[in-house]
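Peer 1: just the structure for this:
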Amino acid sequence: MDIAPWQLWCCCYRRDDEMACLNISVQHQLLQADALRRVQMLLREVQKEFAGKISNLSESWSENRCRFSFTTPVGQASGTITVGAVSVDLVVNLPLLAGPFKGKIEAAIRQRAKALLT
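Peer 2: Okay, the predicted model is just below:
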């Protein structure tokens with residue numbers, strides 16, 4: 001079955017103005033395995049803490065990289081967490097309606113991540 005170029009474009013196209021993107025990197029001085037364990041533990045805590053505000057949480061780990069997604073009252077969010085030897089990198093695509101809160105969300109994540117990795 002042949003796929004027309006316009007069909008491929010429609011399947012792959014993601015409008016940047018439909019999402020608010022966060023890119024956060026937090027340095028650490030832990031062993032990578034310890035940082036990974038702490039991040040995995042934090043994800044379980046966040047799932048319980050925000051059980052009434054997020055749903056359909058999905059996470060898939062491949063070595064030190066996690067792909068995740070969840071539904072919020074204003075739409076779908078997704079991203080990746082990469083636990084490296086000296087940093088934890090987080091990329092989150094937030095729903096457009098969360099855009100005005102991007103700064104507050106980033107500050108809260110950064111604060112929690114620094115406390116976790118110290």
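Peer 1: now do the strands in this structure.
Peer 2: Ranges of strands in the chain, per DSSP state E, are 19-27, 55-62, 65-72, 75-83, 87-95.
Peer 1: save these as CSV, and put in mean pLDDT, mean neighbour count and distance to residue 43 too.
Peer 2: Where C-beta positions appear, they are placed from N, C-alpha and C, glycine not excepted. Formatted as CSV, these follow (pLDDT from 0 to 100; neighbours: other Cβ atoms under 10 Å; distance: least, Cβ to Cβ, whole Å):
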stretch, mean pLDDT, mean neighbour count, distance to residue 43
strand 19-27, 90, 16, 15
strand 55-62, 92, 11, 6
strand 65-72, 94, 16, 8
strand 75-83, 95, 17, 8
strand 87-95, 94, 19, 11
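Peer 1: just put the ones you listed in CSV and tack on distance to residue 33.
Peer 2: Listed next are the strands of the chain as CSV, based on distance: least, Cβ to Cβ, whole Å:
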stretch, distance to residue 33
strand 19-27, 17
strand 55-62, 13
strand 65-72, 14
strand 75-83, 9
strand 87-95, 13
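Peer 1: neighbouring contacts of the longest helix seen in the chain?
Peer 2: As assigned by DSSP state H, the longest helix anywhere in the chain is helix 32-49. Residues outside helix 32-49 that contact it (Cβ atoms under 8 Å, 6 or more residues apart in numbering): 28, 30, 54, 57, 59, 61, 64, 66, 68, 81, 83-85, 88, 112, 116-117.
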